[in-house]
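**Q** only geometry, no sequence info:
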(Lines give C-alpha, C1' and ligand atoms only; values in the text may rest on other atoms or scores of the structure.)
Protein backbone atom coordinates (compact mmCIF):
# COMPACT_ATOMS: atom_id res chain seq x y z
CA UNK A 1 0.00 0.00 0.00
CA UNK A 2 2.80 2.44 0.85
CA UNK A 3 5.41 1.41 -1.70
CA UNK A 4 2.95 0.78 -4.58
CA UNK A 5 -0.04 3.05 -3.86
CA UNK A 6 -1.28 3.07 -7.44
CA UNK A 7 -1.41 -0.71 -7.62
CA UNK A 8 -3.09 -0.80 -4.22
CA UNK A 9 -5.79 1.63 -5.36
CA UNK A 10 -6.72 -0.54 -8.35
CA UNK A 11 -6.56 -3.84 -6.45
CA UNK A 12 -9.79 -5.71 -5.76
CA UNK A 13 -8.04 -7.46 -2.85
CA UNK A 14 -7.14 -4.61 -0.50
CA UNK A 15 -8.38 -6.21 2.72
CA UNK A 16 -7.42 -9.84 2.08
CA UNK A 17 -4.89 -12.03 3.83
CA UNK A 18 -1.88 -13.47 2.02
CA UNK A 19 -3.52 -16.91 1.88
CA UNK A 20 -6.38 -15.35 -0.10
CA UNK A 21 -4.06 -13.83 -2.72
CA UNK A 22 -2.75 -17.03 -4.20
CA UNK A 23 -2.34 -20.75 -3.75
CA UNK A 24 0.24 -23.48 -3.52
CA UNK A 25 0.76 -25.63 -6.59
CA UNK A 26 3.26 -28.35 -7.45
CA UNK A 27 5.55 -25.57 -8.73
CA UNK A 28 5.26 -23.57 -5.48
CA UNK A 29 3.28 -20.48 -4.53
CA UNK A 30 1.34 -18.77 -7.32
CA UNK A 31 -0.07 -15.29 -6.81
CA UNK A 32 -3.54 -14.50 -8.13
CA UNK A 33 -3.94 -10.73 -8.16
CA UNK A 34 -7.24 -9.24 -9.29
CA UNK A 35 -7.34 -5.71 -10.66
CA UNK A 36 -10.39 -3.50 -11.19
CA UNK A 37 -9.22 -2.89 -14.76
CA UNK A 38 -6.37 -3.91 -17.07
CA UNK A 39 -3.01 -2.46 -16.07
CA UNK A 40 -1.64 0.49 -18.06
CA UNK A 41 1.89 0.12 -19.48
CA UNK A 42 3.53 2.05 -16.63
CA UNK A 43 1.54 -0.01 -14.11
CA UNK A 44 2.85 -3.22 -15.69
CA UNK A 45 6.37 -1.98 -14.86
CA UNK A 46 5.24 -1.25 -11.28
CA UNK A 47 3.67 -4.71 -11.04
CA UNK A 48 6.95 -6.27 -12.23
CA UNK A 49 8.78 -4.37 -9.50
CA UNK A 50 6.19 -5.41 -6.93
CA UNK A 51 6.44 -9.07 -7.97
CA UNK A 52 10.23 -8.83 -7.75
CA UNK A 53 9.93 -7.48 -4.21
CA UNK A 54 7.53 -10.16 -3.01
CA UNK A 55 9.36 -13.01 -4.77
CA UNK A 56 11.85 -12.98 -1.88
CA UNK A 57 9.05 -13.71 0.60
CA UNK A 58 8.62 -17.34 1.62
CA UNK A 59 4.97 -18.35 1.84
CA UNK A 60 4.41 -21.06 4.44
CA UNK A 61 1.19 -22.93 3.69
CA UNK A 62 0.57 -24.29 7.18
CA UNK A 63 1.14 -21.07 9.11
CA UNK A 64 -1.43 -18.36 9.61
CA UNK A 65 -0.76 -14.71 8.88
CA UNK A 66 0.39 -12.71 11.87
CA UNK A 67 2.06 -9.45 12.75
CA UNK A 68 5.69 -9.48 13.89
CA UNK A 69 7.32 -6.55 15.72
CA UNK A 70 10.82 -6.50 14.22
CA UNK A 71 12.23 -4.26 16.95
CA UNK A 72 12.08 -7.15 19.43
CA UNK A 73 13.70 -10.58 18.92
CA UNK A 74 10.56 -12.42 20.09
CA UNK A 75 8.39 -10.46 17.64
CA UNK A 76 6.12 -9.08 20.35
CA UNK A 77 5.30 -5.38 20.60
CA UNK A 78 6.13 -3.49 23.79
CA UNK A 79 6.40 0.17 24.68
CA UNK A 80 9.97 -0.46 25.87
CA UNK A 81 11.12 -1.76 22.47
CA UNK A 82 9.32 1.13 20.81
CA UNK A 83 11.09 3.60 23.06
CA UNK A 84 14.44 1.91 22.38
CA UNK A 85 13.79 1.96 18.64
CA UNK A 86 12.85 5.64 18.67
CA UNK A 87 15.98 6.40 20.66
CA UNK A 88 18.05 4.45 18.11
CA UNK A 89 19.23 1.74 20.50
CA UNK A 90 17.57 -1.49 19.39
CA UNK A 91 17.80 -1.77 15.61
CA UNK A 92 20.49 -2.00 13.00
CA UNK A 93 18.14 -1.20 10.11
CA UNK A 94 18.31 2.05 8.19
CA UNK A 95 15.32 4.02 9.45
CA UNK A 96 15.59 7.11 7.25
CA UNK A 97 12.08 8.34 6.61
CA UNK A 98 10.43 5.91 9.05
CA UNK A 99 9.82 8.62 11.60
CA UNK A 100 8.23 10.80 8.92
CA UNK A 101 5.65 8.04 8.51
CA UNK A 102 4.99 7.99 12.27
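**A** Right, received. Where do you want to start? Fair warning: this is a prediction, and the values are worked out from it, not measured in the lab.
**Q** how about the spatially most central residue of the chain, phi and psi?
**A** Nearest to the geometric centre of the chain sits residue 54, at 7.5 Å (C-alpha atoms, centre = their mean). The phi/psi pair for residue 54 (degrees, to the nearest 10) reads phi -80, psi -10.
**Q** I'd guessed it sits against residue 29; true?
**A** No. In this structure residue 54 lies outside contact range of residue 29 using C-beta atoms under 8 Å: 9.7 Å. Every residue, glycine included, has its C-beta placed from N, CA and C.
**Q** residue ranges in this structure under the pLDDT threshold?
**A** 61, 65, 89-102 (pLDDT under 70).
**Q** do that again at 90, thanks
**A** Flagging of the chain using pLDDT under 90 yields the residue ranges 1, 15, 17-20, 22-30, 53-102.
**Q** all the strands of it, in order from the start?
**A** Ranges of strands in the chain, per DSSP state E, are 22-25, 28-31.
**Q** quick check: neighbours of the first one in the sheet, parallel or antiparallel?
**A** Sheet pairing for strand 22-25, assigned by DSSP bridges, gives strand 28-31 (antiparallel).
**Q** who are the contact partners of residue 77?
**A** With contact taken as C-beta atoms under 8 Å, 6 or more residues apart in numbering, residue 77 is in contact with 67, 69.
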